[in-house]
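Colleague: Got a predicted structure here, sequence first:
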Amino acid sequence: MNRTAALTLIATIVTASFPALARDERLMFPVGAALGTAAAQEKLDRGVKLYFGEQKHPKPVANLGEWATNKKTNAFNKSDQEACEWVFLSAVLELQERARKQGGDAVINIKSNYKNTETNSNTEYMCGAGNIMAGVALKGTVVKLGAK
């Protein structure tokens, strides 16, 4: 077999094996654990409150719109939970930034929206975990709260 044919055969075998290596699991992790990490404690804006799912919150005086995030991170050489907590924090920080830009002080009704599949939970978020990437998509309503 000549060299070109051998290289073509090898490339075909390697390429055909990629789907077998692909992984896209939808995992649920606790919101509290992710918000309790050292990174979250350092980076979260205490002036923009977060309410997940149907958590009770003060009555909003202004609804500033629903906003979505879709974040990805490198998951190589990390546990699924470690990668998911990191990308979850990134998504939450984006929601807080949007609230600040809109003049809000809270994001309510935060739910997972991974691959446009909504998951509404007070205590958990959905993360897509693969071999090399992890992703979290969130939706929430930015509001200005009334009396606290």
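Modeller: Sure thing, it's come through.
Colleague: and stretch 119-139, which residues are buried?
Modeller: By 16 or more other CB atoms under 10 Å, the buried positions in stretch 119-139 come out as 121, 124-130, 133-139. C-beta: built from backbone N, CA, C; applies to glycine.
Colleague: gap between that stretch and the chain center?
Modeller: 5 Å (CA atoms, centre = their mean, to the nearest Å).
Colleague: Give me the three-state assignment for the closest residue in space to Asn131 that isn't next to it in sequence.
Modeller: Once flanking residues are discounted, Asn131 sits nearest to Arg23: 5.0 Å by CB to CB, 6 or more residues apart in numbering. Assigned with DSSP: H, G, I helix; E, B strand; the rest coil, Arg23 falls in the coil class.
Colleague: and Arg23, what does it touch?
Modeller: Contacts for Arg23 (CB atoms under 8 Å, 6 or more residues apart in numbering) come out as 129-131.
Colleague: returning to that earlier point: lowest-confidence one in the buried residues of stretch 119-139?
Modeller: Scanning the buried residues of stretch 119-139 for pLDDT, the low point is Gly130. It has 93.
Colleague: Good, we can wrap up now.
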